[in-house]
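Participant: okay, structure incoming, though there's no sequence with it:
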């Protein structure tokens, strides 16, 4: 099928996530990369279209992963038993510095293909390992070749203890302007900026990075409040007036009520990554905190160096954590209760419409409605793992029963990226390059003394000492 050819998807259960449309059984017509009809489609207008028999299938908007470090794919499962401290030392300090541009290229390509296979059509890619201009060009190339839609956050970050290949933050900023111009040539990619984390950066530099992003029209994503003593919102971002609707804050688990009020008043968004947060000591992913502040929860998968990219599971985990927290309070009160405090179907919004809004893409993706981009996922409702469902609460069914194994087909901008259970990208060369890169990185890291080597511990200690001394 040619890119952006007309397609009519017939007879699906359409979980539109659109307030007016709701859930219907019907058809969707796609032309020129956009949705041109939903529900009932005039047969006379579809004679030129590819016809997809979707009876027994569930059609949902493409999933939006609001936080993923795509570059870490060649390090899959390395951090399976690590804490946050181990991660900062082993990945951000040791492994990051070992990447060559060609490693970043294949990591971005394969990482994005992995996301597509799981039903993710839009990823907020926190790309905080852009070590040089060559690395930036390689990362952009890999992401673009995958065919995913991305809000791509290029980082100011430098691995602690390593030489800045740009020379200075000023030089880096100048080259990031060039990179943003290059990204503008890729219609599915919107570039953003990831400022350095306050915990391992000079605090004076971070406001300048916010200003750089805004002066160049680039949205911002930023790790904050992920450690018990951090409170970057209350200590830095709020007092300096840096927050705004163009900011996505990542983690935020250790936040005071005052900080939540500050973030809500600014119009910023927040994303939780429940698997890594629960494992690594970053606190509980409380979507109730977000909702109570009047904001919309969003979810990300974070790092495949730890867990896989299954957004259904990430949403399900966040949902059940929230229910468990609420149930503890209900049990403690002696209340005899019925039902749950959060509906399962609500969690589908966290990984579709809410995520689109947080990425600044709410007018383009996140809903199945006329005029929206044709970013769509077909789930095989006939699979044995989905069987027994009779049609009630389709959104809840998707959240609680969905998984990458039932992602039959994925479309981005009207082009199939996965069809009948298989990615359309030629994977033979990709697999070989991923293996080569993973082996190269592991050998380089072993030669340096391993992921958690003494030199990396010392680099972090020295960085913290410099910051504390200022």
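Facilitator: Looks like it arrived, so ask away. Everything quoted here is computed from the prediction, not taken from an experiment. Residues are numbered from 1 along each chain as shown.
Participant: ok, longest helix in this structure?
Facilitator: helix 311-332 (DSSP state H).
Participant: spit out the contact partners of residue 172.
Facilitator: Contact analysis of residue 172 by CB atoms under 8 Å, 6 or more residues apart in numbering lists 156, 164, 166. Glycine gets a C-beta too; all of them are placed from N, C-alpha and C.
Participant: run the last query once more with 6 Å
Facilitator: Residues in contact with residue 172 (CB atoms under 6 Å, 6 or more residues apart in numbering) are residue 166.
Participant: run through the chain and note the low-pLDDT ranges.
Facilitator: 1-4, 465-470 (pLDDT under 70).
Participant: got the domain ranges for it?
Facilitator: Domain assignment of the chain by automatic domain parsing yields the ranges 7-62+366-423, 63-354.
Participant: which one of these lies closest to residue 437?
Facilitator: Nearest of these to residue 437, taken as CB to CB: domain 63-354 at 4.6 Å.
Participant: how about the longest helix of the chain: buried residues?
Facilitator: For helix 311-332, burial by neighbour count (16 or more other CB atoms under 10 Å) applies to 311-322, 325-326.
Participant: helices or strands up against it?
Facilitator: Contact here means 3 or more CB pairs under 6 Å, 6 or more residues apart in numbering; DSSP states H and E; on that basis helix 311-332 packs against helix 287-292, strand 298-299, helix 346-350.
Participant: take these and write them to JSON lines, including distance to residue 238.
Facilitator: Output for those, formatted as JSON lines (distance: least, CB to CB, whole Å):
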{"stretch": "helix 287-292", "distance to residue 238": "16"}
{"stretch": "strand 298-299", "distance to residue 238": "20"}
{"stretch": "helix 346-350", "distance to residue 238": "25"}
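Participant: ramachandran angles for residue 403?
Facilitator: Main-chain dihedrals, residue 403, degrees, to the nearest 10: phi -160, psi 160.
Participant: and it, what does it touch?
Facilitator: Residue 403 neighbours (CB under 6 Å, 6+ apart): residue 312.
Participant: same deal with the one 10 residues further on?
Facilitator: In this structure, residue 413 makes contact with 33, 373, judged by CB under 6 Å, 6+ apart.
Participant: check the one 5 residues further on too.
Facilitator: Residue 418 makes contact with 409-410 under the criterion CB under 6 Å, 6+ apart.
Participant: same question, residue 353
Facilitator: Residue 353 is in contact with 17, 366-367, counting by CB under 6 Å, 6+ apart.
Participant: and the gap between the nearest residue to it once chain neighbours are set aside and residue 239?
Facilitator: Excluding the flanking residues, the one nearest residue 353 by CB to CB, 6 or more residues apart in numbering is residue 366, at 4.2 Å. From residue 366 over to residue 239 the distance is 33 Å, taken as CB to CB, to the nearest Å.
Participant: tell me which of the two has more neighbours.
Facilitator: Using other CB atoms under 10 Å, the more surrounded residue of residue 366 and residue 239 is residue 366, with 29 against 10.
Participant: my guess is the more buried one meets residue 352, correct?
Facilitator: Yes: assessed by CB atoms under 6 Å, residue 366 is found in contact with residue 352 at 4.9 Å.
Participant: identify the contacts common to these two.
Facilitator: Counting by CB under 6 Å, 6+ apart, the residues touching both residue 366 and residue 352 are residue 61.
Participant: partners of residue 192 in the sheet?
Facilitator: Note on residue 192: beta-bridge partners residue 153, residue 219, judged by DSSP bridges.
Participant: what sits against it?
Facilitator: Per CB under 6 Å, 6+ apart, neighbours of residue 192: 151, 153, 218-219, 221.
Participant: tell me how many other residues crowd the nearest residue to residue 238 once chain neighbours are set aside.
Facilitator: Nearest non-adjacent residue to residue 238, counting by CB to CB, 6+ apart: residue 262, 4.3 Å away. Neighbours of residue 262 under the rule other CB under 10 Å: 19.
Participant: hmm, residue 262 is touching residue 237, no?
Facilitator: No: judged on CB under 6 Å, residue 262 makes no contact with residue 237 at a distance of 7.9 Å.
Participant: got phi/psi on residue 155?
Facilitator: According to degrees, to the nearest 10, the main-chain angles of residue 155 amount to phi -90, psi 150.
Participant: again, but for the one 4 residues further on
Facilitator: For residue 159, the backbone dihedrals (degrees, to the nearest 10) come out as phi -60, psi 130.
Participant: looking at it, it is touching residue 97, isn't it?
Facilitator: Yes: with contact defined as CB under 6 Å, residue 159 reaches residue 97; the gap is 4.3 Å.
Participant: so these two - more neighbours on which side?
Facilitator: More neighbours surround residue 159 than the other of residue 159 and residue 97, with 23 against 20 (other CB under 10 Å).
Participant: can you get me a residue count around residue 289?
Facilitator: The local packing of residue 289 (other CB under 10 Å) involves 21 other residues.
Participant: report the contact partners of it.
Facilitator: residue 260.
Participant: that one and residue 199, how far apart?
Facilitator: Where residue 199 is concerned, residue 289 sits at a distance of 21 Å (CB to CB).
Participant: same question for residue 379.
Facilitator: Residue 379 is 40 Å from residue 199, by CB to CB.
Participant: more crowded one of the two?
Facilitator: Shown here are residue 379 and residue 199; by other CB under 10 Å, residue 379 has more neighbours (27 against 18).
Participant: ok, back up a step: could you look up the SS state of the residue nearest to residue 353?
Facilitator: When classified by DSSP: H, G, I helix; E, B strand; the rest coil, residue 366 comes out as coil.
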